[in-house]
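[1] give the three-dimensional model of this entry:
(chains A, B and C)
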Amino acid sequence: MALTIQVNLSTLLQAIEVLGIVAFAMSGFIEARRREMDMVGIFTVGFITAFGGGTLRDLLLDQRPLFWVERQEYVLLIFALALVITPFTRHLSSGRAEKFILVADALGLGLFSVLGTSIAEDAGMPLFVCVMMGVITGIFGGVLRDVLCNEIPLVLRRGQLYATCAFFGCWVALLLDKINAPESLTVSAGIAVTCVMRLLAVRFDLRLPA
Amino acid sequence: MALTIQVNLSTLLQAIEVLGIVAFAMSGFIEARRREMDMVGIFTVGFITAFGGGTLRDLLLDQRPLFWVERQEYVLLIFALALVITPFTRHLSSGRAEKFILVADALGLGLFSVLGTSIAEDAGMPLFVCVMMGVITGIFGGVLRDVLCNEIPLVLRRGQLYATCAFFGCWVALLLDKINAPESLTVSAGIAVTCVMRLLAVRFDLRLPA
Amino acid sequence: MALTIQVNLSTLLQAIEVLGIVAFAMSGFIEARRREMDMVGIFTVGFITAFGGGTLRDLLLDQRPLFWVERQEYVLLIFALALVITPFTRHLSSGRAEKFILVADALGLGLFSVLGTSIAEDAGMPLFVCVMMGVITGIFGGVLRDVLCNEIPLVLRRGQLYATCAFFGCWVALLLDKINAPESLTVSAGIAVTCVMRLLAVRFDLRLPA
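    Numbering: from 1, shown residues only, chains lettered A, B, ... in the order given. Below you'll find the predicted structure:
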């Protein structure tokens, strides 16, 4: 796998990014649907879930233009998804679809967190702040989704490890970068750590002490 | 009406803006009152409802100074309103007052959305992003109001068309601008479409499919 | 006391700042604990409570880097606090600890509000906007804490004076500054007014009319 990544890292990252955005948007659609929102609500919650974390990161780091402003096609993608998928959201929350979303979400969490850390590092932030930015990028969309749906955010409730996985993944990426590992390695290691940890947490129902 | 608008468009827009701000603030006052907040709470929720959308728009587009920072008198207006109106908020939610607020809110929604779109366009954003910025400017104050009052935002719940009206109004303004229609026409057409659609939605209880 | 402040104002302010951050973080820990969050949740809510107000102020005024980005040690302080204190949060909400937090919170409210006002003034904002920025800096962390914990924000609910104390403290600092009082006096007077008013409000259960 390391080989594949070295060969076409950016294509792979692009694919993971699309996967992650789709997964994040889906989780928004499902939650909005559960709350009996109409199509505008479903689109809005999906949009905010997918882009909320990255937007807050860009605001905090004063990066402009915002990443979704530069990639209008992502906004259109979510718009199209909301149109197509809304009638089926009822079925999304069960069985195979849920498993697909879980894996895609874990990949997205890893990618967004590690990218967030790396963008903060490029902006010259101190180490600990880079990790915070990475975790914020990874989890904030879900936090906004839950606040809009009038719930205590899932990632803060006592549940399976989530933000913690992003936290460790970001440290891995950051420390590898400090010892001058090639970018393809730092990014893929960070994503892998986050993603594997998250899937293990779900599989074995790992929790933090309260 | 087109004539009047051409003659003194900016005076008319100014009047609509004041109307819209007052209507948005009022809806905040009423909601805060319903939640038994004290005067500081009532002022704060009114303030955030009136300025939340435009503030988020300016943050996302990196426009400074914020529009309410330049127009201190608007802040004072809401402060004075909160002082004067708080004792009467109990009566605001019934009968004639409610009808006035409904119309003023529809006008404000139209104006804020269309202005948001046009500001995003001047900032060189792509088409679809301009529309998103317009809709955000129009609805986000109300979203914040409901989040602060611990409710699922009204505009996301399955209710009458709201964000959808802003969405169409923004497209109308944007497309008219693309074919080089004069600004007075684009702005007034966008506002009119949003406002009329909204009032029709209320009158005939139009809803989107869930 | 005025003498001490003149002699080493900045050391005193630094101490008050640390006290205030700790108090704000603690209130976040306790609230998160009450909602049965795990350690990541407790840290996150504490972090957002302590830095939310200042972050929003910096975003609104376009000040970069954010103040907590420059002072990485504050982030580490909260991280360490969360690690150490989490097991004891159950006991924090009763008796002596609560009284300590109350006083520290009042000091923090005063400091953050007055600093917020003074930063806005340095950025050339009009008078009323400076006061708003001060109040926002003082109270917004607590608002975010309550929104994340799915409650109507405490400072907006009909309770003891809170935002109102910050409001008056900011005006005192601002007006003293307008008549060219030395900075040590404006800052300490503003903090003292806010803090004393807040403690009196708690002691005598003062409330605003609803």
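
[2] could you use CA atoms for every contact and neighbour count after this?
    Fine.

[3] you'd agree A:Ser133 is up against A:Thr117?
    Not quite, residue A:133 is Met, not Ser. Yes: with contact defined as Cα atoms under 8 Å, A:Met133 and A:Thr117 form a contacting pair (5.8 Å).

[4] more neighbours, these two?
    Between A:Met133 and A:Thr117, counted using other Cα atoms under 10 Å in any protein chain shown, the more crowded position is A:Thr117 (33 against 29).

[5] what residues are up against the more buried one?
    A:Cys130, A:Val131, A:Met132, A:Met133, A:Gly134, A:Val135, A:Cys170, A:Leu174 (Cα atoms under 8 Å, 6 or more residues apart in numbering or on different chains).

[6] hey, where'd the helices end up in chain A?
    Secondary structure of chain A by DSSP state H: the helices cover A:2-7, A:9-34, A:39-61, A:67-70, A:72-85, A:89-92, A:96-122, A:127-148, A:163-178, A:183-204.

[7] got the angle for the third one vs helix B:127-148?
    Relative orientation of helix A:39-61 with respect to helix B:127-148: 90 degrees, computed using axes from the mean of the first three to the mean of the last three Cα atoms, to 10 degrees.

[8] and helix A:39-61, anywhere near chain B?
    Yes: against chain B, helix A:39-61 shows contacts by Cα under 8 Å from any Cα of the partner chain at A:Met39, A:Val40, A:Gly41, A:Ile42, A:Thr44, A:Leu59.

[9] need the helices of chain A in JSON lines (columns: mean pLDDT).
    Shown next, in JSON lines, are the helices of chain A (pLDDT from 0 to 100):
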{"stretch": "helix A:2-7", "mean pLDDT": "47"}
{"stretch": "helix A:9-34", "mean pLDDT": "83"}
{"stretch": "helix A:39-61", "mean pLDDT": "89"}
{"stretch": "helix A:67-70", "mean pLDDT": "81"}
{"stretch": "helix A:72-85", "mean pLDDT": "88"}
{"stretch": "helix A:89-92", "mean pLDDT": "66"}
{"stretch": "helix A:96-122", "mean pLDDT": "86"}
{"stretch": "helix A:127-148", "mean pLDDT": "90"}
{"stretch": "helix A:163-178", "mean pLDDT": "93"}
{"stretch": "helix A:183-204", "mean pLDDT": "91"}
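
[10] quick one: which of these is nearest C:Thr86?
    Among those, the nearest to C:Thr86 by Cα to Cα is helix A:163-178 (16.0 Å).

[11] kindly calculate the angle that the closest one makes with helix A:127-148.
    Using the same axes, to 10 degrees: helix A:163-178 against helix A:127-148 is 150 degrees.

[12] so what secondary structure elements neighbour helix A:163-178?
    Packed against helix A:163-178 by the contact rule (3 or more Cα pairs under 8 Å, 6 or more residues apart in numbering or on different chains; DSSP states H and E) you find helix A:96-122, helix A:127-148, helix A:183-204.

[13] quick check: which of these is buried the most?
    Using mean count of other Cα atoms under 10 Å in any protein chain shown, the stretch among the helices and strands packed on helix A:163-178 with the largest mean neighbour count is helix A:127-148, at a mean of 25.

[14] dump that helix to CSV, restricted to CA.
    Output of helix A:127-148 as CSV, limited to C-alpha atoms (Å, rounded to 0.1, in the frame of the first residue of the first chain):
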residue,chain,number,x,y,z
LEU,A,127,3.1,22.1,17.6
PHE,A,128,0.2,21.8,20.0
VAL,A,129,-1.8,24.3,18.1
CYS,A,130,-1.3,22.3,14.9
VAL,A,131,-2.8,19.2,16.6
MET,A,132,-5.7,21.2,17.9
MET,A,133,-6.4,22.6,14.4
GLY,A,134,-6.3,19.0,13.0
VAL,A,135,-8.7,17.7,15.6
ILE,A,136,-11.0,20.7,15.1
THR,A,137,-11.0,20.2,11.3
GLY,A,138,-11.8,16.5,11.8
ILE,A,139,-14.6,16.8,14.3
PHE,A,140,-16.2,20.2,14.1
GLY,A,141,-18.5,19.4,11.2
GLY,A,142,-20.1,16.7,13.3
VAL,A,143,-20.3,19.0,16.3
LEU,A,144,-22.2,21.6,14.3
ARG,A,145,-24.5,18.8,12.9
ASP,A,146,-25.5,17.8,16.3
VAL,A,147,-25.9,21.3,17.6
LEU,A,148,-28.2,22.1,14.7
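
[15] that helix vs helix A:96-122, what angle?
    Using the same axes, to 10 degrees: helix A:127-148 against helix A:96-122 is 140 degrees.

[16] ok, which residues in chain A are in contact with chain B?
    Residues of chain A lying near chain B (Cα under 8 Å from any Cα): A:33, A:35-42, A:44, A:59, A:64-66, A:69, A:72, A:75-76, A:86, A:147-150.

[17] one more pass at 6 Å, please.
    A:Met37, A:Asp38, A:Met39, A:Gly41, A:Cys149, A:Asn150 (Cα under 6 Å from any Cα of the partner chain).

[18] how much space between the most centrally placed residue in chain A and A:Val187?
    What sits nearest the mean C-alpha location of chain A, by Cα atoms, centre = their mean, is A:Leu109, with 3.3 Å. Counting by Cα to Cα, to the nearest Å, the gap from A:Leu109 to A:Val187 is 13 Å.

[19] what does chain A have sitting close to chain C?
    So far as Cα under 6 Å from any Cα goes, chain A lies against chain C at A:Ile152, A:Leu156, A:Arg157, A:Arg158, A:Leu208, A:Ala210.

[20] could you dump those residues to JSON lines with pLDDT?
    JSON lines is the format used below for these (pLDDT from 0 to 100):
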{"residue": "A:Ile152", "pLDDT": "86"}
{"residue": "A:Leu156", "pLDDT": "81"}
{"residue": "A:Arg157", "pLDDT": "78"}
{"residue": "A:Arg158", "pLDDT": "74"}
{"residue": "A:Leu208", "pLDDT": "78"}
{"residue": "A:Ala210", "pLDDT": "61"}
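
[21] among those, which pair sits farthest apart?
    Among the residues of chain A next to chain C, A:Ile152 and A:Leu208 lie farthest apart (Cα to Cα), at 17.2 Å.

[22] which of these two has more residues huddled nearby?
    Neighbours were counted for A:Ile152 and for A:Leu208 using other Cα under 10 Å; A:Ile152 has more, 20 against 14.

[23] that one against C:Asn150, yeah?
    Yes: between A:Ile152 and C:Asn150 a contact is recorded at 5.4 Å, counting by Cα atoms under 6 Å.

[24] dump the helices of chain A into JSON lines; add distance to B:Gly124 as well.
    JSON lines is the format used below for the helices of chain A (distance: least, Cα to Cα, whole Å):
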{"stretch": "helix A:2-7", "distance to B:Gly124": "36"}
{"stretch": "helix A:9-34", "distance to B:Gly124": "25"}
{"stretch": "helix A:39-61", "distance to B:Gly124": "18"}
{"stretch": "helix A:67-70", "distance to B:Gly124": "10"}
{"stretch": "helix A:72-85", "distance to B:Gly124": "13"}
{"stretch": "helix A:89-92", "distance to B:Gly124": "35"}
{"stretch": "helix A:96-122", "distance to B:Gly124": "24"}
{"stretch": "helix A:127-148", "distance to B:Gly124": "26"}
{"stretch": "helix A:163-178", "distance to B:Gly124": "34"}
{"stretch": "helix A:183-204", "distance to B:Gly124": "32"}
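
[25] just so I know, which of those helices lies nearest B:Ala163?
    helix A:39-61 (7.0 Å).

[26] and that closest one with helix A:72-85, angle?
    Following the same axes, to 10 degrees, one obtains 150 degrees for the angle between helix A:39-61 and helix A:72-85.

[27] buried set for helix A:39-61?
    A:39-61 (16 or more other Cα atoms under 10 Å in any protein chain shown).

[28] what does that helix contact?
    Contact with helix A:39-61 is made by A:21, A:24-25, A:28-29, A:32, A:82, A:137, A:140-142, A:145, B:156, B:210, as judged by Cα atoms under 6 Å, 6 or more residues apart in numbering or on different chains.

[29] restrict it to CA atoms and write it as PDB.
    C-alpha atoms of helix A:39-61 as PDB (Å, rounded to 0.1, in the frame of the first residue of the first chain):
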ATOM      1  CA  MET A  39     -35.000  18.900   1.800                       C
ATOM      2  CA  VAL A  40     -33.500  22.300   2.400                       C
ATOM      3  CA  GLY A  41     -32.800  21.300   6.000                       C
ATOM      4  CA  ILE A  42     -31.300  18.000   4.800                       C
ATOM      5  CA  PHE A  43     -29.000  19.700   2.300                       C
ATOM      6  CA  THR A  44     -28.000  22.400   4.900                       C
ATOM      7  CA  VAL A  45     -27.100  20.000   7.600                       C
ATOM      8  CA  GLY A  46     -25.200  17.800   5.200                       C
ATOM      9  CA  PHE A  47     -23.300  20.800   3.800                       C
ATOM     10  CA  ILE A  48     -22.400  22.000   7.300                       C
ATOM     11  CA  THR A  49     -21.300  18.600   8.400                       C
ATOM     12  CA  ALA A  50     -19.100  18.100   5.400                       C
ATOM     13  CA  PHE A  51     -17.500  21.600   5.400                       C
ATOM     14  CA  GLY A  52     -17.900  22.900   8.900                       C
ATOM     15  CA  GLY A  53     -14.600  21.700  10.300                       C
ATOM     16  CA  GLY A  54     -12.600  22.900   7.300                       C
ATOM     17  CA  THR A  55     -14.300  26.300   7.400                       C
ATOM     18  CA  LEU A  56     -13.600  26.900  11.000                       C
ATOM     19  CA  ARG A  57     -10.000  25.900  10.500                       C
ATOM     20  CA  ASP A  58      -9.700  28.400   7.600                       C
ATOM     21  CA  LEU A  59     -11.400  31.100   9.700                       C
ATOM     22  CA  LEU A  60      -9.000  30.500  12.600                       C
ATOM     23  CA  LEU A  61      -5.900  30.400  10.400                       C
END
